[in-house]
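Q: attaching a predicted model along with its sequence, questions to come.
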There are 2 protein chains.
Amino acid sequence: MPSNFVLPHRGWLFDLDGTVYRGESLIPGAADVIAALRAAGRRVAFLSNKPIHTRADYARKLTRLGIPTPDADVVNSSLVLARHLARLDAGAPVFVIGEPPLIGELRAHGFEVRGDHRVRWVVIAFDRTFDYAKLNTALQAVRQGARLIATNPDRTCPTEDGEIPDCAGMTAAVEAVTGRAVEVVVGKPSPIILEIALEQLGVPASECVIVGDRLETDIVMGKRLGLATVLVLTGITTASDARIAETAPDLVVSSIRDLLR
Amino acid sequence: MPSNFVLPHRGWLFDLDGTVYRGESLIPGAADVIAALRAAGRRVAFLSNKPIHTRADYARKLTRLGIPTPDADVVNSSLVLARHLARLDAGAPVFVIGEPPLIGELRAHGFEVRGDHRVRWVVIAFDRTFDYAKLNTALQAVRQGARLIATNPDRTCPTEDGEIPDCAGMTAAVEAVTGRAVEVVVGKPSPIILEIALEQLGVPASECVIVGDRLETDIVMGKRLGLATVLVLTGITTASDARIAETAPDLVVSSIRDLLR
């Protein structure tokens, strides 16, 4: 029986903003494609670099927009950071430059989240409550030997009101005052987020597709780990972008809708 | 008549912390040397990279410690920034990442200090009230064409309780989220602070001495502008520091006290 889909793979990873929805609007066809993949027994998960919402927030948003989704099908940078740090130093005391969803994820993974500098790790994330006191605590922690890990490398985050500062601002401030570079950034384009998403799907890389709108993150990262890559043109990348040929996704489609024949 | 001083120069610039005092204690002999220089008709001024105190704060501290000093004899990075920016763009609307002494200096120089992003310059300084909202305003300002200027390049500032984050943290955060480099940093080792100090003294560089405890700022900057340079060993630099020979100050003395024969 021939596949109804443009690619025959068992596992499908989808970027969210620009791929499945834009802001509060579903990209036309997205609900049908996801429903068809699931009906055909394909494994589906959604990826996000943002640590300021919980996985449940994303699941609720997708469900509200017409794609019923359990929390477990969402992989965001908070989850990935907590899982990766659990491999490096399970249960460690940590100081967090970040918002409650990240703090909750770390606590759920058994970390001791502290308000002072007596920690083994400083976790740096997109944090709209970042301030000088947190920067100072990070400095004191590093001076006492704490290590640095961050959720995502993005400079800014698009919102309905325009771009706002993202994790790169917090990371740069901490690196500048401590004189230390962050050791690990787990979010895209790091292979770490993809490895953890593949674990979540339970499907090996060679049987997976990643679908996204960004060449330098979704596509580059997918190719590096041996997934099939599909670029959609509903987000940041336009059909005339000269870098498409250079990055060479396996497939370029105008929209998620075109994944279904 | 032979000079009572180790150098015959007319103008004398002194770094403060580590040179004239350490924290709240005057370096022994400092009051006598300054009094003798003044009595001999030499022009004296004091330099600081810190923008978080007013010139009057420094003058009061020196006076309290036994060196009676008028505000006008203090040149700090707030004053230098305000004077330099007045040359570049007098009266411009500015957004300030900084504390009240800097805001006061900018207002006193005729700048329109605004709380929003509708400005021509974002002024970045050591700011213990730095937060995400200020970082976001800086980003929005730059996106609308604002330029970036900073008071000082220091990573950390020594205090009685240890090092705390200095201007480099705020600068790095703004540079990371905007993708723009700061155009001008006026504090040491920039020649700008020294030019403005020389204007303040009314003495040309060739007839001036700079006395300080840091090779990479006080001495390097002084040599670059053609001042005589004196390194004191009461601060950050020790007698065994191999970089002394490399940087080659005109004179190395154990303390400010040794400037008087």
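A: Sure, I can see it. Numbering: from 1, shown residues only, chains lettered A, B, ... in the order given.
Q: please, where are all the helices along chain A?
A: With helices called from DSSP state H, chain A shows them at A:30-39, A:55-65, A:77-89, A:100-108, A:132-143, A:167-178, A:191-201, A:220-225, A:243-247.
Q: of these, which approaches A:Leu13 most closely?
A: For the helices of chain A, proximity to A:Leu13 was assessed by CB to CB; helix A:191-201 is nearest, at 5.5 Å. Any C-beta I mention is one placed from the backbone N, CA and C, and that applies to glycine too.
Q: identify each buried residue in the closest one, please.
A: A:Ile192, A:Ile193, A:Leu194, A:Glu195, A:Ile196, A:Ala197, A:Leu198, A:Gln200, A:Leu201 (16 or more other CB atoms under 10 Å in any protein chain shown).
Q: and the gap between the first one and chain B?
A: When you say that, I think you mean A:Ile192. Note on A:Ile192: its distance to chain B, by CB to the nearest CB, to the nearest Å, is 21 Å.
Q: quick one: residues contacting that residue.
A: A:Val80, A:His84, A:Val184, A:Val186 (CB atoms under 8 Å, 6 or more residues apart in numbering or on different chains).
Q: verify the stated contact: the first one with A:Val184.
A: Spelled out, it's A:Val80. No: using CB atoms under 8 Å, A:Val80 makes no contact with A:Val184, being 10.4 Å away.
Q: what does the stretch 1-150 of chain A put close to chain B?
A: A:Asp127, A:Arg128, A:Thr129, A:Phe130, A:Asp131, A:Tyr132, A:Leu135, A:Asn136, A:Leu139, A:Gln140, A:Arg143 (CB under 8 Å from any CB of the partner chain).
Q: farthest-apart pair in these, please.
A: Pairwise across those, and taking CB to CB, the largest span is found between A:Arg128 and A:Arg143, at 26.2 Å.
Q: just the closest of the contacts of A:Ile192 to B:Asp161, please.
A: A:Val184 (30.5 Å).
Q: can you tell me how far the closest one is from A:Arg214?
A: 21 Å (CB to CB, to the nearest Å).
Q: more crowded one of those two?
A: A:Arg214 (22 against 16; other CB atoms under 10 Å in any protein chain shown).
Q: ok, the more buried one to chain B distance?
A: For A:Arg214 relative to chain B (CB to the nearest CB), the value is 17 Å.
Q: ok, now A:Val232?
A: 25 Å.
Q: what are the bridge partners for that residue, then?
A: A:Val253 (DSSP bridges).
Q: ok, it - how many residues close by?
A: A:Val232 - counted by other CB under 10 Å - has 28 other residues nearby.
Q: so it touches A:Leu215, yeah?
A: No: using CB under 8 Å, A:Val232 is not in contact with A:Leu215; the gap is 11.2 Å.
Q: what's the most buried one of the helices of chain A?
A: Across the helices of chain A, averaging neighbours per residue (mean count of other CB atoms under 10 Å in any protein chain shown) puts helix A:167-178 on top, at a mean of 26.
Q: tabulate the CA atom coordinates of it in CSV.
A: This file holds the C-alpha atoms of helix A:167-178, laid out as CSV (Å, rounded to 0.1, in the frame of the first residue of the first chain):
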residue,chain,number,x,y,z
CYS,A,167,18.1,33.9,26.2
ALA,A,168,21.2,35.2,24.4
GLY,A,169,20.9,38.5,26.4
MET,A,170,21.0,36.7,29.7
THR,A,171,23.7,34.3,28.5
ALA,A,172,25.9,37.2,27.3
ALA,A,173,25.6,39.1,30.5
VAL,A,174,26.6,36.1,32.6
GLU,A,175,29.5,35.2,30.3
ALA,A,176,30.8,38.8,30.3
VAL,A,177,30.8,39.3,34.1
THR,A,178,32.1,35.8,34.9
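Q: so which residues make contact with it?
A: A:51, A:97, A:122, A:124-127, A:130, A:135, A:138-139, A:142-143, A:148, A:150-156, A:181-182, A:185, A:187, B:135, B:155-156, B:165-166, B:168-177.
Q: now do it and helix B:132-143, the angle between them.
A: Here helix A:167-178 runs at an angle of 110 degrees relative to helix B:132-143 (axes from the mean of the first three to the mean of the last three CA atoms, to 10 degrees).
Q: and helix A:167-178, how far from the chain's centre?
A: Using CA atoms, centre = their mean, to the nearest Å, the mean C-alpha position of helix A:167-178 is found 20 Å from that of the whole chain.
Q: and for stretch A:50-70?
A: Worked out by CA atoms, centre = their mean, stretch A:50-70 lies 13 Å from the chain centre.
Q: over to stretch A:135-144?
A: Counting by CA atoms, centre = their mean, stretch A:135-144 comes out at 27 Å from the chain centroid.
Q: what of stretch A:53-71?
A: A distance of 15 Å separates the centroid of the chain from that of stretch A:53-71, by CA atoms, centre = their mean.
Q: A:Thr69 reaches A:Thr63, doesn't it?
A: Yes: counting by CB under 8 Å, A:Thr69 does reach A:Thr63; the two are 5.6 Å apart.
Q: between the helices of chain A, which has the poorest mean confidence score?
A: Note on the helices of chain A: lowest mean pLDDT is at helix A:243-247, with a mean of 91.
Q: could I have that one exported to PDB, CA atoms only?
A: The C-alpha coordinates for helix A:243-247 follow below in PDB (Å, rounded to 0.1, in the frame of the first residue of the first chain):
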ATOM      1  CA  ARG A 243      20.600  29.600   1.400                       C
ATOM      2  CA  ILE A 244      18.000  26.900   0.600                       C
ATOM      3  CA  ALA A 245      20.200  25.400  -2.100                       C
ATOM      4  CA  GLU A 246      23.300  25.600   0.100                       C
ATOM      5  CA  THR A 247      21.600  24.000   3.100                       C
END
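Q: for that helix, packing partners?
A: On a contact count with 3 or more CB pairs under 8 Å, 6 or more residues apart in numbering or on different chains; DSSP states H and E, helix A:243-247 meets no helix or strand.
Q: how about the residues of the stretch 151-261 of chain A near chain B?
A: Listed as neighbours of chain B in the stretch 151-261 of chain A under the rule CB under 8 Å from any CB: A:155-156, A:162-166, A:168-177, A:179.
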